[in-house]
Structure formats: C-alpha cells, structure tokens
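Asks: Using only what follows, build the 3D model:
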Amino acid sequence: MPEPDKVQELAAKYDSPETRLTYEDYCRMPAGLRYELVEGDMRMVPSPSVFHQEISKRLLKSLMEWVEGKGLGLVYDAPIDVVLSQHTVVQPDLLYISRERLGIIMKANIQGAPDLVVEILSPSTAEWDRVTKRRTYERYGVRELWLVDLEGRSIEVAARNEMGLETIRVYPLGTTVSSPILPGFVVDVDQLFR
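Replies: Residues are numbered from 1 along each chain as shown. This next block holds a predicted model:
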C-alpha cells in the first residue's frame, strides 16, 4: 500500500492522446486545479509535498535576493503560466527572466521561454520533468535548467549550447551549485537540503 504522502503525488493524464488541445482549451479548465499542456497533451499537476515546498521556498529566497537585489531581472514561482506555444503551457516550480527580456511578462502569464527554469522532482513527476519537460524547454529556448532531485539530494544543471540543453554537472551533497547564466550566484547543496 502506498504511503499517504505519495498518493497525493500521483499525476494522471487528463485527456486521450488523440486530442491535441490548445491554450484556449487550457484556459477553460476548472479553477482551483493546476494543469500543464505540452504539445496538446493536458496533464493535471499534483499538489507538491511539504519537503518540495521547503526546497522551493529556500531556492526562491536565494534567487530573488540575488537576481532582484542586483536588478538582473525577475523571479517567479508556481503556479504561473508560461505560454510557449498555442499547444504548450507549463508551470515551472521557479523561473528567472532577465532584465533584457522582461517584455515577455504579460498581465495573465509569461509569453515565451524563461532564461532559467527550476523543476523540483517528485516521485510521480520525475520522468515527466526529466524527459518531456526538458525536451520542451530545450525546444523553446530555455537557456538553463535545474532539476532538483529530492530523493537523490542533488541538483542537475543543464545549459544551452549548440546541441540543446546539455548537462554540465550533477551537484551532490557536499558541493556548491553555480549558474552559468548568473555568474556569482551559488547554492550550497547541504544548506538547501538541511
């Protein structure tokens, strides 16, 4: 029998694979629930665990202090719609948009790829985040992706190059994460997972 906390993490597809849904369909979904739309495939996003939220809160605080404190741009946390195309709308856990690209921020959503996306992996969404969403972020031009592994207590950093989003390094406990697009910004992995 699954643990009660893990049941909450289960995510099911919302529709059949033959249906290619649009942003308009996405906007008609019932309020109060979270969804993502990737290439027309709707998926309900489960509520995050308490540990997920603790890690998200710590990273958000660090990113906001660094980015906004230096006037480098803006940082947002979920839920916020990032509209990448008519058939793709995601809600990254955290995202950064550089000062030069603030024009993609609209009243209701973000219209275009953030510079940095952070996804905090949950047991039921790890495959979705590592494969499907990573491929989506690569396709639409995200410059840097962090995959925060709660179970493995590590952070994988991928940066854009001519091949796409390529993993630079996986940072385990005992190391300090650095960001290729935010020189000087660092995160102590031990402190993050304390």
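Asks: drop to CA atoms for contacts and neighbour counts, all remaining ones
Replies: Noted.
Asks: So what's the residue count around I105?
Replies: I105 has 15 neighbours, counted by other CA atoms under 10 Å.
Asks: give me every residue that touches it.
Replies: Taking CA atoms under 8 Å, 6 or more residues apart in numbering, we find I105 in contact with Q111.
Asks: Quick one: name whatever helix or strand follows the worst-scoring helix or strand of the chain on mean pLDDT.
Replies: Every helix and strand in the chain was compared by mean pLDDT, DSSP states H and E; the lowest is helix 4-9, with a mean of 38. Sequence-wise, the next helix or strand downstream of helix 4-9 (DSSP states H and E) is helix 23-27.
Asks: check contacts around Y26.
Replies: Y35, L37, M42.
Asks: ok, of those residues, which one's closest to G164?
Replies: Each of the contacts of Y26 was scored against G164 by CA to CA, and L37 proved nearest at 21.4 Å.
Asks: From the contact counts, what lies against the longest helix along the chain?
Replies: Across the chain, the longest stretch assigned as helix under DSSP state H is helix 50-69. Secondary-structure packing of helix 50-69 (3 or more CA pairs under 8 Å, 6 or more residues apart in numbering; DSSP states H and E): strand 73-77, helix 189-192.
Asks: Out of those, the one nearest V148 is which?
Replies: Short answer: helix 189-192, nearest of the helices and strands packed on helix 50-69 by CA to CA, at 10.1 Å.
Asks: Please enumerate residues in contact with that closest one?
Replies: For helix 189-192, the external contacting residues (CA under 8 Å, 6+ apart) are 55, 58-59, 153-155, 171-177.
Asks: picking up where we left off before, just the buried members of the contacts of Y26?
Replies: Neighbour-count burial (16 or more other CA atoms under 10 Å) applied to the contacts of Y26 gives Y35, L37, M42.
Asks: Can you tell me the element the second one falls in?
Replies: Under DSSP H and E, the secondary-structure element containing L37 is strand 35-38.
Asks: Alpha carbons of that strand, as PDB, please.
Replies: What follows is strand 35-38, C-alpha atoms only, in PDB (Å, rounded to 0.1, in the frame of the first residue of the first chain):
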ATOM      1  CA  TYR A  35      -2.700  21.700 -15.300                       C
ATOM      2  CA  GLU A  36       0.100  21.700 -17.900                       C
ATOM      3  CA  LEU A  37      -0.300  21.400 -21.600                       C
ATOM      4  CA  VAL A  38       2.600  20.000 -23.600                       C
END
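Asks: If anything else comes up later, I'll come back, but that's it for now.
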